[in-house]
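Student: Sequence and predicted model, in that order:
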Amino acid sequence: MALETGKIRNVGVVGHGGVGKTSLVESLLFTAGAVTRLGKVDDGSTTTDFDPDEVKRKISINTSIAYCDFKGHRLNLVDTPGYGDFIADARAGLRVVEAAVVVVDAVAGVQVQTEKVWKFASEFELPRAVVVNRLDRERSDFFRTLESLTRRLKGRVVPVHIPVGEESGFRGFVDLVTQRTTLYTDGKPADAAIPAEVVDRVKEWREKLVEAAAETDDDLLAKYLEEGSLDEAEMIKALRAGISQGKIVPVLCAAATKGIGSQALLDLIVHEFPSPIDRGEVGGTDLKAKQAGTRAPDAKAPVAALVFKTLSDPHIGKLTLFRVYSGTLRADSTLLNPTRGAKERMGHISWLQGKTQKNVEALGPGEIGVAQKLKETQTGDTLGDEAHPFELPRITFPEPAINFAVQPKSRGDEDKISLALARIAEEDPTVHHHFDPETKQLLISGVGSLHVEMTVERMKRKYNVDVSLLPPRIPYKETVKGRAEGQGKYKKQTGGRGQYGDTWLRVEPLARGSGFEFVDDIFGGAVPRNFIPSVEKGVRVHEEGHPGRLPDRGPQGLALRRLLPRRRLLGHGLPDRRVAGPAEGLHGRPSDLAGTRRDRGGHHAGRGRRRHHRRHELAARAHRRDGAQRRDGGGAGVSADGRDADLRVEPALHDRRARRLRDGVLALRRGPGLPGREDRQGGQGRQGEGREALKAAD
Ligand SMILES: Nc1nc2c(ncn2[C@@H]2O[C@H](COP(=O)(O)OP(=O)(O)O)[C@@H](O)[C@H]2O)c(=O)[nH]1
Ligand SMILES: [Mg+2]
């Protein structure tokens, strides 16, 4: 039968990497008798670091679960990774517990990820305790660590232990509440008298603890101020309430690998931390009533469980780790996953001890369990009763911050790569991948480089695809900032028909992301419609970054070329721009056109022998790209200072090297740039003519 909800303690063990969380979990399991042998991280024998990657690197990568029974209570311990790249998993782990044990290193004190997990715990309003671990190490210092806790973390941090002995001589602690001393020899605890060297310290810190306890309650505070002390029963009661409400954060001593402090922590978890009943109802969305709803930790209520982790293994298949919030989840039942609109058959359900599953018939409110081979369910989804569709708030994961291009080591592996990445993404929602059609690269994105490397190793180990990582090609893009108009002309006198072209173009930026727009701005039918599509085509070819494909035959193409700068440098086109306009030239005899031409600025068309005559008109319009953030380019429209480089793969901007590269390109662009490039394409004089005709419209 399912466990008694009030006797369950779900605890997240969090902290910076390498402070001893996994070792502490192992020590708790060993002390409670759930494992018969104390596993060691260093020889890959712990319960919760079982993944081959974890064994190899001796760090936790995945959140994993272990349980033990202690003094009639069930403790579910959620061991989380502490390295920055995997910290999202720690956050997901904290979503499904009622309290957190924050482990800090007695040498390093509060570190970057300590602050991060502290924030996560605050976000989920979790009561917590701090364990100062590795007190047996050289240069460890409990009080210096305490000072860093007080200074860098929010909350009322108060020690409940005073260590006895320092560094390799660390051998136990004095409990400030009971004033009992526990000293360890060869991992075995024994009671002792308070050692003389810590008597003063104990007195001093006990006073502070009493004060902190008194401050949690007005009546107690009055009594304390009047009498100057509290009795032990009052103190325990006040501390209990203070800790479970998060008003007090107790600090404990430990040396996990020596088993010191584990018993005290187990006691604290059982007595001071809240049960799922204490935590009460959880909020979510009642999908039937289409409004906010709640689910109570009641075994008879409809089932609602949250999936907080997915593991996938080519041999075992998919494992779905979930926490039951309400109702009784039974083996072989069918549940609804409203997020995917799918029914899931639960089959076997089990408790999880590291990698070992223990099948059970039912899981009640507050329990953490695992199901196998669910078809559609992914991390963050809710599973629940079909008759009472309900959705718990999803677990959110950080956006990827770094990109790499992946290249198969052997030919023909492309399909396998995508498949493997899709599988891995099921397990790890912080891995993303996509094919970039512009750079023709398959990109894999993750939280950091260690994360991406790990993903590649996983692909090899689990799915047998070997790839190498390359820095991604960066499709820099340019766009215009200002608005400008320009005119390009082309004249050619040949022995036969002469040629004449006259092109007008107006360019304006559009809002970011709105792409390219061509607008026919001809009015009054000055240019016949049927010429317009070919002008649009000419401009588009240019937009798409293949200026070499501009129509280079005929005067219209040549006139257009005068006007449109060549931009081969990056070859990725100009996004977010509107080139609009009346377009292509006129066909006809000179006399037909004379009037129009004169109106347009008096180009003389009347060269007698020319029978074939064209005039191009292009007007383009566009809008400023980024509104107020950007200055209007003052000079020519597609001018050097009007250009801007734009990273298509935005996450790459988080990469310092990518940023530097972008800044470098921007700086280069501020130089003379464009005219030189354009000049290379053709005759100097005529090019100049076209360029000079460019003028800013605003
Ligand atoms: N000296 C000493 N080493 C410890 C203690 N706890 C953990 N370690 C070592 O610290 C390293 C990191 O421990 P681990 O449990 O993997 O830390 P985690 O990353 O927080 O899970 C391992 O080499 C452990 O053997 C301790 O109390 N004392
Ligand atoms: Mg660990």
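Tutor: Happy to help now that I have it. Numbers count the residues shown, from 1 in each chain. Ligands and ions are numbered 1, 2, ... in the order given.

Student: residues contacting the closest residue in space to D385 that isn't next to it in sequence?
Tutor: Nearest residue to D385, sequence neighbours excluded (Cβ to Cβ, 6 or more residues apart in numbering): P302, at 4.0 Å. Yep, even glycine has a C-beta here, placed from its N, CA and C like the rest. Counting by Cβ atoms under 8 Å, 6 or more residues apart in numbering, P302 makes contact with 295, 326-327, 384-385, 387-388, 390.

Student: 10 Å instead, please
Tutor: 295-296, 326-328, 384-390 (Cβ atoms under 10 Å, 6 or more residues apart in numbering).

Student: Report the two members of those separated by the largest distance.
Tutor: A296 and E386 (19.2 Å; Cβ to Cβ).

Student: about what we covered before: just the buried residues of the contacts of P302.
Tutor: The neighbour-count test (16 or more other Cβ atoms under 10 Å) marks 295-296, 326-328, 384-385, 388-390 as buried among the contacts of P302.

Student: So L221 is in contact with E215, correct?
Tutor: Yes - with contact defined as Cβ atoms under 10 Å, L221 reaches E215; the gap is 5.9 Å.

Student: Find the residues that touch each one of the two.
Tutor: Each of A238 lies in contact with both L221 and E215 under the rule Cβ under 10 Å, 6+ apart.

Student: follow-up on the earlier one: go back to the contacts of P302 and keep what's next to ligand 1.
Tutor: Among these, proximity to ligand 1 is found for none (Cβ under 6 Å from any ligand atom).

Student: Just give me the closest of those to W351.
Tutor: T328 (14.7 Å).

Student: Isn't that closest one up against V303?
Tutor: Yes - counting by Cβ under 10 Å, T328 touches V303, with 6.9 Å between them.

Student: what residues are shared contacts of these two?
Tutor: With Cβ under 10 Å, 6+ apart, T328 and V303 have common neighbours 363, 365.

Student: hey, where'd the helices end up in the stretch 51-200 of the chain?
Tutor: 52-57, 87-95, 112-123, 142-152, 199-214 (DSSP state H, counting those that start in this stretch).

Student: so how far is ligand 2 from the residue most central in space within the chain?
Tutor: The chain has P398 as the residue nearest its centroid, 1.8 Å off, counting by Cα atoms, centre = their mean. Counting by Cβ to the ion, to the nearest Å, the separation of P398 from ligand 2 is 20 Å.

Student: Excluding chain neighbours, give the residue nearest to that residue in space.
Tutor: A88 (5.3 Å).

Student: Please list all residues in contact with the one you found.
Tutor: 63, 80-81, 120, 395-398, 428-430, 447, 451.

Student: mind listing what the closest residue in space to E281 that isn't next to it in sequence touches?
Tutor: Once flanking residues are discounted, E281 sits nearest to T294: 4.2 Å by Cβ to Cβ, 6+ apart. Contacts were defined as Cβ under 10 Å, 6+ apart; by that measure T294 touches 280-284, 286, 301, 304, 325-326, 390.

Student: Filter these down to the buried ones.
Tutor: Using 16+ other Cβ under 10 Å, the buried members of the contacts of T294 are 282, 284, 301, 304, 325-326, 390.

Student: Which one of the residues you listed is nearest to ligand 1?
Tutor: Nearest to ligand 1 among those: Y325, at 27.4 Å, using Cβ to the nearest ligand atom.

Student: Point me to the helix or strand that includes the closest one.
Tutor: Following DSSP states H and E, one finds Y325 within strand 317-326.

Student: quick check: angle from that strand to helix 87-95?
Tutor: Orientation check (axes from the mean of the first three to the mean of the last three Cα atoms, to 10 degrees): strand 317-326 against helix 87-95 gives 40 degrees.

Student: Next, the buried residues of strand 317-326.
Tutor: 318-326.

Student: now swap in stretch 29-40 and tell me
Tutor: 29-32, 34-35, 38-39.

Student: still on that earlier bit, which of the contacts of T294 fall within helices?
Tutor: The helices in this structure, assigned by DSSP state H, contain none of these.

Student: May I ask which two of those are separated the most?
Tutor: G280 and D286 (17.2 Å).

Student: Name the spans of the protein whose pLDDT lies under the cut-off.
Tutor: 1, 313-314, 478, 501-503, 523-531, 534, 541-698 (pLDDT under 70).

Student: and it, which of its residues are near ligand 2?
Tutor: Residues of the chain found near ligand 2 (Cβ under 5 Å from the ion) are 21-22, 60.

Student: Now that we have these, which of them are buried?
Tutor: Buried among the residues of the chain next to ligand 2 by 16+ other Cβ under 10 Å: 21-22, 60.

Student: Quick check: end-to-end length of stretch 463-471?
Tutor: 23 Å (Cα to Cα, to the nearest Å).

Student: Can you mark which positions in it are buried?
Tutor: So, applying 16+ other Cβ under 10 Å, buried residues of stretch 463-471: 463, 465, 467, 469.

Student: Just the ones of those residues in helices?
Tutor: Counting by DSSP H, the buried residues of stretch 463-471 place Y463 in helices.

Student: Just give me the closest of the buried residues of stretch 463-471 to E115.
Tutor: Nearest to E115 among the buried residues of stretch 463-471, counting by Cβ to Cβ, is L469 at 30.2 Å.

Student: what separates that closest one from N62, distance-wise?
Tutor: Here the criterion is Cβ to Cβ, to the nearest Å. By it, L469 lies 21 Å from N62.

Student: cool, and I444?
Tutor: From I444 to N62 the distance is 19 Å (Cβ to Cβ).

Student: Specify which residue of the two has the higher count of neighbours.
Tutor: Ranked by neighbour count (other Cβ atoms under 10 Å), I444 and N62 place I444 first, with 27 against 21.

Student: Would you agree the more buried one is in contact with V406?
Tutor: Yes - with contact defined as Cβ under 10 Å, I444 reaches V406; the gap is 5.2 Å.

Student: Are there residues contacting both of those two? Which ones?
Tutor: Joint contacts of I444 and V406 (Cβ under 10 Å, 6+ apart) are 417, 421, 433, 452, 455-456, 459, 467, 469, 472.

Student: okay, among the residues you listed, which ones form the most distant pair?
Tutor: The widest separation within the shared contacts of I444 and V406 (Cβ to Cβ) is 17.4 Å, between M459 and P472.
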